[in-house]
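J.: Provided below for reference: sequence and predicted model.
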Amino acid sequence: METNSNAEIQFLNIGKRFGNVWANRDISFSIHRNTIHAIIGENGAGKSTIMKILFGIYTADAGAIKVNSEDVRFSSPIDAMKFKIGMVHQHFMLSPAHTALENVLLVDPKQNAFELYFKKEKIEKIKATAKLYKFDIPWDTPVKDLGVGVQQKIEILKLLCLDNQILIFDEPTAVLTPHEIDELLNQLLELKKQGKTVILITHKLKEVKRIADTITIFRKGQLVGTYPATELDEKEMASKMVGKPVSFEKRSFEKYPDPSVVLDLENVKFTENNKEYLLNFKLHRGEILGIAGIEGHGQEKLIPFILNSKRFNYSGKITILDKDAKSLGPYGARDLAIGVFPEDRLRLGVLPDLKAFQNFILGYQRKPKWFSKGTLDWKKIKNLTQSMFDKFKVEPNNINLDFNAFSGGNQQKIVVARELFHDPEIIIAAHPTRGVDIGAIELIHEQLIIAQEKGKGVLLISSELDELLKLSDRILVIRNGKIIGEHIRSGFSEKEIGRCMLGVVL
Amino acid sequence: MGEIDIFSLSFILSALRVSTPLIFAAQAGLLSEKSGVVQIGLEGFMLAGAFSGAVFAHLTHSSYIGFTLAFVCGALASLLFSLLVVRLKTDAIVAGTGFNFLMMGLIPFLTKFIFNSTGSTPAIPLEQRLSYEVTVFAIAIVVGIYFLISKTRWGYWIQFAGEYPDGLTACGVSVERVRWVSVLLCGGLAALGGASLSLFLSSAYSPLMTGGRGFIALSALILGKWKPVPTLVGCFVFGIFDALQIRLQGVPINGVIIPVQWIQILPYVLTIILLAGFFGRSQAPAFLGKR
Amino acid sequence: MKSFFGFLFGLACALMIIFFAGENPLHILEILVRSSFGSKYDFGLTLFYMTSLIFTGLSVSTAFKSGLFNIGAEGQLNFSAISMVVFATTYPGVTFPGSLLLILLVGILAGAIWGAIPGLLKAYRGSHEVIVTMMLNFVSAGISSYFISHQLQNPDSQNPESAVIADAFRTNSFDFLNKLLPESPVNVFFIVAILTAITMYFFFTKSALGFEMIAVGENPAAAERASISSKKFVVLSLVLSGVLASGAGMNEVIGYSGQYKIGFSPEFGFMGIAVALMSNNHPIGIVANAFIMSVFHKGASDLDIETETITKDFSKIIQAMVLFGVGLQYYLNKYGVNIGWLNKRKKFNQSGSV
């Protein structure tokens, strides 16, 4: 165990339990002053938990924390702030209705209820700090009208205004565009130059490699180890995160003999929220067509548009399984043989508080298989759900549990089982493995490949380029609502696709 | 307009008079809702204030003491509401409905217990009735709340508690504490609204004397888009309706008698129309009623 | 069943108040029971209240099922009642059985309209249904007060009430249930209420429409994806809710008094909230809890006479305590499994804690 007397922060045998599950168990490591310390791990590995303990949001059930060799026990963020520790949360702690300045003014070491809110000297100090770190912030604009990049700067500024020494960043790049990521990483280096200690929670290994001095790896609530950044390459980091060697292998590629078209968007054009969309592509039988792009560039509109184009005022033509979308009923393509893995499972795909078997018919509740004369045949539904649970190895194997009671991976398995049950000709899989554990990822990828081999058309929308490279026959890049590039499997180049996503003209 | 001159001093004074309870209650609701706590218990708080104000004014022979103690009683009653809603996270609509019921049930019980009457309190002498100083005080409260909400740090705590509570927590301020205090002041102020009914508009408590004014105050708050001064204007408007309705009882205008009921329901209809966004959308605090 | 603890908790609190007022809670309970079951008339009156509470309980719970809070059952039953009386007074010549059919239709339609207003405003204008239904309660009270004071006042009465409508619009002449408990107000609508509850049970457990309605309440965005129009179901659910509430109006006007009396409903609509929450929105539970609440309500009316300190308004205290108790369920079950609607709302909105 590492016990370093000149460490700024020391974690000693920290444990944290939620119910019967240990989110952190016996965690010991130290963080040194004036370094960039990355904390990496898969979803649910416990990396956020340990930082929330440091910041006083959670209290540890076991172990101790020392800050500058002093024993501390934080029961709320207020305590942590006294030790000059600040945190930039994944969801920004900003009130959308208030201006940037009002949001920054809310932080205050004293928090005296009866003072005036807009004090001249305070405002000047804030603006001076912003200048020092080269933050350009429109002070009087409500936060809801600002981009995420600016919002993040406001968050960082809030911490700097409190003269924090230790800055924790929780997945700061998840919401940023590549350009903004670049800017942020430079700013983190700048913070280090000014003497701050930066703790970076992330699962993006490239960023870690680029700026971190030290790396601590978590797996399943336990510490794997702490390493100097120079000692590990990305592949080693990944294997240590997952606990077994990770194959970045691509699937064997077999072209389906009959490339007829199942989904055809011909010069589709529409405008939503002042953003113009231009979609033009064909999905063939027996192919996996990947859609790459930075989040928020229009892929989120793709599914609602294909499913029910009637709600959009569009020009051009969309043909689904040889039917003009204009000829479809009020529910659009939902009546056709299309399976959808929704982009946001809990929000768009399921009824979290209902039972698993009730979720199994959502969207298919009026299929003649179990629906006749207005009523549902629950007995049959339960039997069919059970058979799919067995086939997809859902754990726990109990169809009477609430959907919420399943882990992310098993939830996604249930959704995949439901969407594939009706043997769809087209499968639209959006971020199919987001928040899903490794075992389920493999099962889901396998199912997509099986569908492809059976001659179905698979549209794969993902923000993980690795996933797209592994599975796709073709990759289209979407940027600003427009399809701007096509890449064929034989000529895949990660670099080139990445540049295309950024809009760099080749 | 026949015999009713709505620009006459006496009419304006009577409109001011009847809007006084609304002003207190609407500002009370504003404090609670700004901090993110849905407040449909205003009616209950007003009942509590009307009753306790009348009781204490009777017992101490001083309406001023009665008025002050009404604030205290309203604030105390709010502790129960806060315990349920702020601390124990009971649904504020369920708790607010229950709270109104509780006051409707508890007060007759207390009058029978204390005065052995069927729901009313003994009247105070006419010369002890409060006068327009109450209205002046109410308007002063509006100015105070305006200043509190938009100029002070505390006011911004309240705003953030209603708009983005997580942000407030992250800055080291307890959202729960801010809400407790807001609801406490809400209870006290709404009770003052009630007390101005029993000590200013009349001279005793009579059963269910608030007659839905708690809900009218809520309407004024919505109409005023959760801002202190426009809410005050909303209260005046409803006060004018109320005064008009009293004057129009049986008085023909151009030979037609306008039924008072049509004027009585006007505030409610206006609120529905406003909520439907027909005069621009009303902006409720973003986290109102969410946790 | 978990809601039952909330109910017991509320009841215990209410009895504690009795205790502090110097009465023996057991004595009060005894009065309540005697008052509710003491005679055929008393029992009939209890069942009469129960009828209205089943309707309003079903009304509130149907809205809850699709994620809506209808606190306007009071206004809906009221609007339905006054509409029926206005109709029957305007067309007194319609003959049986068409008369009965038409007045039922008018009642249903009125309830549907009073539910459709908040439904449409919610679905298409985004207005919050709680405020709209609350405001509509007052509007409907104002409308009925207008009709009674300006058009329909019963000349033979000092009370604010309408004249009695023609017999052709009423069920008294063939009401077998009423004959079993003569003189008491209980009537055939008691049976209608029970049948409605059973129908609602099957509607929510067996029908695809019911499943879709629940889906909208659980997760409107996911329902929308599953080809279920959440707007349509918001309207449908509040219309249905209004129609169910109108049953309480029919119970009074068609089944019992044949007239509109101001204040005929001791806030059945609000009592329905307590009934629905106590029952976790289960239609059969609603029948049981409507019975419990009607016992308290009926019993409380005799407390005035039988005790020194307790008044008939005691029923309000009980309702308040039950609402608090049932509302607290969420806290009591914080780490437990699903306890129905209340719990669900919280899960979707949980963001107060970091």
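T.: Good, I have the coordinates.

J.: could you measure the closest residue to chain C within the stretch 251-400 of chain A against C:Thr205, distance?
T.: Relative to chain C, the nearest point of the stretch 251-400 of chain A is A:Gly363 (3.4 Å; CB to the nearest CB). Every residue, glycine included, has its C-beta placed from N, CA and C. Taking CB to CB, to the nearest Å as the measure, A:Gly363 falls 20 Å from C:Thr205.

J.: Between these two, tell me which one has more neighbours.
T.: A count of neighbours by other CB atoms under 10 Å in any protein chain shown puts A:Gly363 above the other of A:Gly363 and C:Thr205, at 25 against 15.

J.: List the residues that contact A:Val104.
T.: If you count contacts by CB atoms under 8 Å, 6 or more residues apart in numbering or on different chains, A:Val104 has them with A:Ile126, A:Ile154, A:Leu157, A:Lys158, A:Cys161.

J.: so which of those is the most crowded?
T.: Neighbour max across the contacts of A:Val104 (other CB under 10 Å) = A:Lys158, 24 neighbours.

J.: sorry, back to before: which one of the contacts of A:Val104 sits closest to B:Val37?
T.: A:Lys158 (25.9 Å; CB to CB).

J.: Quick check: chain neighbours aside, which residue is closest to C:Ile198?
T.: Excluding the flanking residues, the one nearest C:Ile198 by CB to CB, 6 or more residues apart in numbering or on different chains is C:Pro283, at 7.2 Å.

J.: just checking, what packs against the helix or strand hosting A:His37?
T.: Assigned by DSSP states H and E, A:His37 belongs to strand A:36-40. On a contact count with 3 or more CB pairs under 8 Å, 6 or more residues apart in numbering or on different chains; DSSP states H and E, strand A:36-40 meets helix A:47-54, helix A:178-193, strand A:197-202, helix A:205-211, strand A:214-219.

J.: okay, and for chain A, where does confidence drop off?
T.: Residue ranges of chain A with pLDDT under 70: A:1-5, A:19, A:43-44, A:174-175, A:177-178, A:244-257, A:438, A:504-506.

J.: Distance check, the one residue in the stretch 401-506 of chain A that gets nearest to chain B against chain C.
T.: Using CB to the nearest CB, the closest approach of the stretch 401-506 of chain A to chain B is made by A:Asn404 at 17.8 Å. Distance from A:Asn404 to chain C, counting by CB to the nearest CB, to the nearest Å: 8 Å.

J.: How about A:Gly408?
T.: Taking CB to the nearest CB, one finds A:Gly408 at 16 Å from chain C.

J.: Any chance of the backbone angles for that residue?
T.: phi -50, psi -50 (degrees, to the nearest 10).

J.: Assign a three-state SS to the closest residue to it other than its chain neighbours, would you?
T.: Take A:Gly408 and drop its neighbours on the chain: the residue closest to it by CB to CB, 6+ apart is A:Gly435, 4.5 Å away. Under DSSP: H, G, I helix; E, B strand; the rest coil, the three-state class of A:Gly435 is coil.

J.: and what of B:Phe51?
T.: Three-state assignment for B:Phe51 (three-state DSSP): helix.

J.: ok, it touching B:Gly194?
T.: Yes: assessed by CB atoms under 8 Å, B:Phe51 is found in contact with B:Gly194 at 7.3 Å.

J.: These two: which has the busier surroundings?
T.: More crowded of B:Phe51 and B:Gly194, by other CB under 10 Å: B:Gly194, with 35 against 30.

J.: For the more buried one, give me its contacts.
T.: Neighbouring residues of B:Gly194 by CB under 8 Å, 6+ apart: B:21, B:25, B:45-51, B:53, B:70, B:74, B:210.

J.: before we move on, back to that, neighbouring strands of the strand holding A:His37 in the sheet, and parallel or not?
T.: Here strand A:36-40 has these sheet partners by DSSP bridges: strand A:197-202 (parallel), strand A:214-219 (parallel).

J.: Reformat the ones you listed into JSON lines and put distance to A:Tyr133 and mean neighbour count next to each item.
T.: Conversion of these to JSON lines gives the following (distance: least, CB to CB, whole Å; neighbours: other CB atoms under 10 Å in any protein chain shown):
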{"stretch": "strand A:197-202", "distance to A:Tyr133": "13", "mean neighbour count": "23"}
{"stretch": "strand A:214-219", "distance to A:Tyr133": "23", "mean neighbour count": "23"}
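
J.: Figure out which of the ones you listed is closest to A:Leu465.
T.: strand A:197-202 (16.2 Å).

J.: now that closest one against helix A:47-54, angle please.
T.: Orientation check (axes from the mean of the first three to the mean of the last three CA atoms, to 10 degrees): strand A:197-202 against helix A:47-54 gives 150 degrees.

J.: what sits up against strand A:197-202?
T.: A:8-9, A:31-40, A:47-48, A:51, A:165-173, A:188, A:191-192, A:207-208, A:211-212.

J.: Off-centre distance for the lowest-mean-pLDDT helix or strand in chain B?
T.: When the helices and strands of chain B are scored by mean pLDDT, DSSP states H and E, strand B:252-253 comes last with a mean of 72. Chain-centre distance of strand B:252-253: 32 Å, with CA atoms, centre = their mean, to the nearest Å.

J.: returning to that earlier point: correct me if wrong, but the residue of the stretch 401-506 of chain A closest to chain B is in a helix.
T.: Yes: counting by three-state DSSP, A:Asn404 is located in a helix.

J.: Could you check how far it is from A:Pro432?
T.: 20 Å.

J.: Between these two, tell me which one has more neighbours.
T.: Using other CB under 10 Å as the criterion, A:Asn404 and A:Pro432 rank with A:Pro432 on top: 28 against 16.
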